[in-house]
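Asker: next one to model:
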Amino acid sequence: MAKRVPIGLIRNIGIMAHIDAGKTTLTERVLFYTGVSHKMGEVHEGTAQMDWMPQEQERGITITSAATTCHWRGHRINILDTPGHVDFTIEVERSLRVLDGAIAVFDGVAGVEPQSETVWHQADRYGVPRIAFVNKMDRVGANYERCIEMIRERLGARPVSLQLPFGVEDTFAGVIDLIEQKVIVWDDGSLGASFEVREIPPHFVAEVSAGREAIFEVAADFDEALMERYLAGEPVTGDDIRRAIRCGTIKGAIVPVLCGAAFRNKGIQPVLDAVVDYLPSPEDLPPVKGTNPDTGKEESRKPSDDEPFTALAFKVQNDAYAGQLTYFRVYSGVLEAGKAAQNAVRNKKERFGRILHMHANKREELKEVCTGEIAAAVGLRFTVTGDTLCGIGHPLLLESINAPEPVISIAIEPKTQADQEKLAQALGKLVLEDPTFVVKMEEETGQTLIRGMGELHLEIIVDRLRREFNVEANVGDPRVAFRETVTVEAEAEGSFIKQIGGKTHEVSVTLRLGPGQRGSGIVFKNEASVEQVPKSGVDWIEESVSGSLGNGVLAGFPVVDLVVTLTGGMHHDVDSTELAYKMAASAGLRDAMRAAKPVLLEPIMAIQVIVPEEFMGEVVGDLNRRQGKITGVASRGVVQVLDANVPLRRMFGYTTDLRTVTQGRATYTMQFAHFDIVPEQIAKTIVG
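Answerer: A predicted model of the protein is given here:
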C-alpha cells in the first residue's frame, strides 16, 4: 500500500511545560487553525478536547498524555499533549521516549518553573530537539527577555530568539519576525485565524537589526556557506537562515524561541511553521539501535518502510469501548491490520486485529501503520509499556522506558466484601496502565498498599476506581513494618517434657543468640555433638528456629539479623520426638531473646533529592529535622544532587513539604536501604 504521507513530511512532537503554562490551550488552538476542530475548547471551562477524562475536566489539569494529528503546509504533525504536574511525570517520560521533537511552553510571567526544569532534563536525557514558546505575553508582568535569560541560566540551553513581542501586556497585538523583518498582527474578530503582515515601525528598526544580527551569528555556526556570505556582506535569504537554524536545532545545540498568547489566539501559526521548519522528521534522525535477543549483538533499523517492522509500545490504556489500547511508535517497516508481530521482550506473538488512529479519546480505523507513525492497537495480550514489537523472525530489543520509583503510599481496602475481587481486578488494570503505580500486600500488617508519585496521583487513582470500575474503597495511612533483633549475646536452655496421647515427649536443648550483621538475616549454626543432638534433631531445631522468628518478643514483629547457635542438648532414643525438639527449641529461643537485650529495627530509606542550589540549605535542614543523615552531595549541571538516609516513619508527607520549601522546584526518589535501631523513646511508644 502507498504511504499516506512521505516520511520526510512527518513530525512527531510533544508539548511539555509546567502546570498551567498553557500547553493544552496551545494544542486546542493548533487543532482549530489546522482544521481538525471547528470550535476551540477551553481548559477552564472543561471543554478542551485533549483533556477528555472527567478528572481532567473538573480540575482543569492534564493527567494523561493525549494523542492527536493535524496537517500544516503539507506536513503531518502527530502531537502528544503531556501533563505538567510532577505526579504524572511518567506520561512525559514515555512520550519523550518515542517523540522526535518537542515544544517547550513557558509562562511569560513566571518564566522557567519547577516542572519546566524537570521535563527539560527528561528531554535532555532522550536527546529530543526542542523549540520554545513563551506564552501569556498579554499578562501583566510578562517579560520575554527575562524568560530567555532564565532558559539560558536555569536550563543550560542556548536560546535563539526568532521573534520579539509587538506590544506589552494588555497592548500585546502580535510578534515581530526577526528573520523576515516583518510585524505580524492577529485579527481578534476571526479568533486569530487571520492576521496581517506589516512593515516594522521606525522605533523598532534598531532593536530588530540587533536581533537579526544575533540570529546570523548563531546560524553561521551550523552553515559554513552562510557564514562566508555573511562575512562577505552578501545577501542572505530567510530560507538560508532557517536551514542553518534547523541544523542546529536537530543537533540539540540551540533552541529557537517564539512568543505569543495562546488564550488570546496570537502567535500560534508561527509555532506551527517552526515545527515544520526546525524540528526533525523521522528520517532526519539516526537509525534506531537495539539488541538482537537471539545473538546478543547490536543491530540498527533505518527509518524506512523497506526495513523489518520495529515499534515501541509506550503506553497502555483502558478504553470503555475498545477495551485495552496499546499505543506504539513505529520506527521502521509497515504493519497491516490483522497481521501478527512479535513481542521481542516476551517472545510472544501478538495479533494486531485492529489498528487505530487516536484523536484524544476518539478513534479512527487504519488499514496499516507505517514508519514514523504513532497508533494504537486493540487487544494485545502480552505487551506492556516499554516492550518492543517486531516483524516475525526479525527480533530487536529497543531501549525500554524507565519509570521513576513511587514515593508515597496509602493503605486501601474495599468498603464491602463484595468489592474485594472487583478491587483486585481494577488495581491490576491500573498497574498495567501506569508504571509508576504499584500495588503491594504487606504480609505483616495484612494491608494492601498502593504507591504512587504523590498525593494527587493516588487521589486520582481512588477517584478512577470509583468512577470507571464502580469500586468504593476506604483509604488510610500505611503502617511501617518494623523488625526486631538483639544487641548482645545470651544463652538459654529450652526443655519440653510432656505426655500426649499416652506417649512421652522429652528433649532439652541449649541455644546461644547473638547479633548478626545488618541485612544478614538469620544464620543458624550447630556446635552440639551427635551424642548431644542427633542429625534429625538438628534439622528439627533449625526448622523450629526459622518458624519461631516470625514473631519477636517485643511487639511481635519479625526477627532479623540474628546468629542462632545450637550449643548442646540432651535427648532420649525413644522419647525425643520431632514435636519435643521443636517445642524445646522455641522455648529456649524466646528465653534467650529476652536476655539478649532485644531492640526494634525500622526501615531506613535511601533518598536522592535533585534541588536547585539556592534551596540546598532548606532541604538539608528539613532532612536533619527528619533524623536524616546526608551521605553525599554532587553537582549535576544547574542542580545539586543530595543523597541521604532517612527513617521511613519520618518520610510521610515529604512530597508536599519538599515542594513547599523549594517552591516546587525539587524532585526526589526513594527506595529501601536497610534496617536500623529505633531510638529508645520511639521504641517505647511502639511497644506500648
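Asker: okay, CA-based contacts and neighbour counts for the rest of this
Answerer: Noted.
Asker: report pLDDT for the spatially most distant residue from the centre of the chain.
Answerer: In the chain, Gly502 marks the outermost C-alpha relative to the chain mean, sitting 65.5 Å out by C-alpha atoms, centre = their mean. We have a pLDDT of 74 for Gly502.
Asker: repeat for Ala253
Answerer: pLDDT for Ala253: 96.
Asker: now do the helices in the stretch 301-450 of the chain.
Answerer: In the stretch 301-450 of the chain, the helices defined using DSSP state H, counting those that start in this stretch lie at 420-433.
Asker: can you pull out the strands in the stretch 451-600 of the chain?
Answerer: Ranges of strands within the stretch 451-600 of the chain are 473-476, 483-486, 490-500, 503-515, 522-526, 562-571, 598-612, based on DSSP state E, counting those that start in this stretch.
Asker: tell me the average confidence for the helix or strand following the last one?
Answerer: Downstream of strand 598-612, the first helix or strand assigned by DSSP states H and E is helix 616-625. Taken as a whole, helix 616-625 has an average pLDDT of 93.
Asker: so what are the sheet partners of the next helix or strand after helix 616-625 and their directions?
Answerer: Heading C-terminal from helix 616-625, the first helix or strand you meet, by DSSP H and E, is strand 629-636. According to DSSP bridges, strand 629-636 forms sheet pairs with strand 639-647 (antiparallel).
Asker: alpha carbons of the partner strand, in PDB - could you do that?
Answerer: Taking Å, rounded to 0.1, in the frame of the first residue of the first chain, the C-alpha atoms of strand 639-647 are listed here in PDB:
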ATOM      1  CA  VAL A 639      21.200  21.500  40.000                       C
ATOM      2  CA  GLN A 640      22.600  19.700  43.100                       C
ATOM      3  CA  VAL A 641      22.100  16.000  43.800                       C
ATOM      4  CA  LEU A 642      21.700  15.200  47.500                       C
ATOM      5  CA  ASP A 643      21.800  11.700  48.900                       C
ATOM      6  CA  ALA A 644      20.600  10.900  52.300                       C
ATOM      7  CA  ASN A 645      19.300   8.000  54.600                       C
ATOM      8  CA  VAL A 646      16.100   8.800  56.400                       C
ATOM      9  CA  PRO A 647      13.700   6.700  58.600                       C
END
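Asker: I'd like the numbering to begin with 436 instead of 1 from here.
Answerer: All set: I'll call the first residue 436, so the last point we hit is now strand 1074-1082.
Asker: restricting to C-alpha, output the helix or strand following that strand in CSV.
Answerer: Heading C-terminal from strand 1074-1082, the first helix or strand you meet, by DSSP H and E, is helix 1089-1096. Extracted in CSV, the C-alpha atoms of helix 1089-1096 (Å, rounded to 0.1, in the frame of the first residue of the first chain):
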residue,chain,number,x,y,z
TYR,A,1089,7.7,14.6,52.5
THR,A,1090,6.4,15.2,48.9
THR,A,1091,4.3,18.1,49.9
ASP,A,1092,6.9,19.5,52.4
LEU,A,1093,9.7,19.3,49.8
ARG,A,1094,7.6,21.2,47.3
THR,A,1095,6.8,23.9,49.9
VAL,A,1096,10.4,24.6,51.0
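Asker: centre-most residue in the protein?
Answerer: Against the mean C-alpha coordinate of the chain, by C-alpha atoms, centre = their mean, the closest residue is Ile525 at 2.8 Å.
Asker: I'd guessed that one sits against Thr871; true?
Answerer: Yes. Counting by C-alpha atoms under 8 Å, Thr871 is a contact partner of Ile525 at 6.8 Å.
Asker: name the residues contacting each of those two.
Answerer: With contacts defined as C-alpha atoms under 8 Å, 6 or more residues apart in numbering, the residues shared by Ile525 and Thr871 are 838-839.
Asker: how close does the nearest residue to Phe657 once chain neighbours are set aside sit to Gly668?
Answerer: Sequence neighbours aside, Ala679 is the residue nearest to Phe657 in space, at 5.5 Å (criterion: C-alpha to C-alpha, 6 or more residues apart in numbering). Distance from Ala679 to Gly668, counting by C-alpha to C-alpha, to the nearest Å: 17 Å.
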